[in-house]
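*Asks:* missing the sequence, but the structure's below:
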């Protein structure tokens with residue numbers, strides 16, 4: 001009986017942790033990123049690449065905030081911390097850096113595009129110029 005109770009407690013805690021992780025964000029596949037984007041009306045799509053990369057093609061409605069700019073944190077202050085933010089870069093490294101900074105700054109829902117815009121385009125998804 002005690003073992004059953006311990007197992008039940010473990011399952012509940014694991015499920016709770018999984019829900020918290022999803023709510024706070026994390027890296028998402030192209031399909032999951034696209035699905036979540038479509039499901040939320042109030043959101044920010046954030047491209048953290050350079051202006052020249054952005055001009056070569058970006059996701060629809062994406063705002064540009066270069067994570068390597070010295071005023072990146074100041075730019076973030078223009079965004080609402082309680083709204084979902086979908087962040088991407090070329091391959092995923094800079095978006096991970098940006099997401100880490102954003103979470104440290106108090107953003108509660110930060111979702112990263114795993115593989116960046118390269119993975120997005122490889123999956124045949126559209127970009128805007």
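*Replies:* On my side now, so go ahead. These numbers come from a predicted model, not from an experiment.

*Asks:* residue 55 against residue 127, yeah?
*Replies:* No - at 11.1 Å, residue 55 and residue 127 do not qualify as touching, with contact defined as Cβ atoms under 8 Å. To be clear about C-beta, it is placed using only N, CA and C from the backbone, and glycine gets the same treatment.

*Asks:* contacting residues around residue 27?
*Replies:* 92, 96, 111-114 (Cβ atoms under 8 Å, 6 or more residues apart in numbering).

*Asks:* so where's this structure uncertain?
*Replies:* Across the chain, the ranges flagged by pLDDT under 70 are 1-23.

*Asks:* show me where the chain has strands.
*Replies:* 25-28, 44-47, 62-64, 85-88, 110-113 (DSSP state E).

*Asks:* if you count neighbours, what's buried in stretch 30-37?
*Replies:* For stretch 30-37, a neighbour-count test (16 or more other Cβ atoms under 10 Å) marks 30, 33-34, 36-37 as buried.

*Asks:* also stretch 115-124?
*Replies:* 115-117, 119-120.

*Asks:* how about stretch 56-73?
*Replies:* Buried-residue list, stretch 56-73, by 16+ other Cβ under 10 Å: 58-59, 62, 64-67, 72.

*Asks:* distance to residue 104 added to those residues, as JSON lines?
*Replies:* Formatted as JSON lines, the buried residues of stretch 56-73 follow (distance: Cβ to Cβ, whole Å):
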{"residue": "58", "distance to residue 104": "25"}
{"residue": "59", "distance to residue 104": "24"}
{"residue": "62", "distance to residue 104": "22"}
{"residue": "64", "distance to residue 104": "21"}
{"residue": "65", "distance to residue 104": "15"}
{"residue": "66", "distance to residue 104": "18"}
{"residue": "67", "distance to residue 104": "13"}
{"residue": "72", "distance to residue 104": "12"}
